[in-house]
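How does the following fold in three dimensions:
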Amino acid sequence: MATDNPTPTNNPSKPGAQATGSADHGAPPISASPRPRVSASLPPSPGPRSVSRRDLLIRGGSTVAVAGLAAAGAYVLHDPKGDAGLQPPPPIRLRNYFEKIKPDYPASAPRISAAFGDMTRIEDMVRRAVLGLDPQLGMKRFIAKGDVVCIKPNVGFDRGPELGATTNPDVVGAVVKLCLEAGARKVIVADNPIENPAACFAKSKIREAAERAGAEVIIHSSAHDAPVEVRAGTPDGTRGEALGTWPI
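Okay, the predicted model is just below:
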């Protein structure tokens, strides 16, 4: 049943406020008071400490000892030549791979051979070009049984073979086959491309063709390079020589 007298609401959250219950229930009055404040004080800071003559001598002696050890270590470890005193590793010296070819390969024999034909007959054209250098021996003129052969095609750009920016992958595959047929123990295909090496070998399809023919493809990294003595001594420009020792 509704009454005209509203019931008072207790609100103890306000400091100093007082709320009373309904007189009909006889509830005692409820009062709230703020909590007392607690003050804290910091202990007094210690005063300046006096340093005795003994402490001063100990600290000074320790500092001098550490400085002396550092100076002695610097003297012992000092390298007056620095990097200039480092000697480069000796270059790798390749054996003369033409030695077994030159004795019975006369100067009148061709050094360049070319074959022309349809793009569907690339392997046949490669075989005919090699036979043009030696009709009897073919690739065996240059490769002996057990040789490790490195083929360096042009893989300079990450372009497809249809653009002609790199060596035709079918040509690479045909040369790999001829080397293995001649008795090569292992055939490596490698290059130092201008653009990203992995992308160049993939987009040119040279990696795919070389591996399909049985070669191992090495993607170039500067960690693979080593100084190689292409020819002993200083190259003679008047004889068309350009390379002496070169990172390969």
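
Roughly how far does the residue nearest to the spatial centre of the chain sit from Gln136?
With distances taken as CA atoms, centre = their mean, Ser221 lies nearest the centre of the chain, 8.1 Å away. As judged by CB to CB, to the nearest Å, Ser221 and Gln136 stand 41 Å apart. From N, CA and C alone the C-beta is placed, and that goes for glycine too.

Pro90 now?
The spacing between Pro90 and Gln136, counted by CB to CB, is 40 Å.

For stretch 189-204, buried residues please.
For stretch 189-204, burial by neighbour count (16 or more other CB atoms under 10 Å) applies to Val189, Ala190, Asp191, Asn192, Pro193, Pro197, Cys200, Phe201, Lys203, Ser204.

Serialize those to a markdown table and add fields for pLDDT.
As requested, the buried residues of stretch 189-204 are arranged in a markdown table below (pLDDT from 0 to 100):
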| residue | pLDDT |
| --- | --- |
| Val189 | 98 |
| Ala190 | 95 |
| Asp191 | 94 |
| Asn192 | 92 |
| Pro193 | 94 |
| Pro197 | 95 |
| Cys200 | 96 |
| Phe201 | 97 |
| Lys203 | 97 |
| Ser204 | 97 |
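
which one of those residues is nearest Glu99?
Ala190 (23.5 Å; CB to CB).

Find the nearest non-adjacent residue to Thr166, please.
With CB to CB, 6 or more residues apart in numbering as the criterion, Thr166 has its nearest non-adjacent residue at 4.1 Å, and that residue is Ser204.

Next up, the contacts around the one you found.
Val155, Phe157, Asp158, Arg159, Gly160, Pro161, Ala165, Thr166, Thr167, Pro169 (CB atoms under 8 Å, 6 or more residues apart in numbering).
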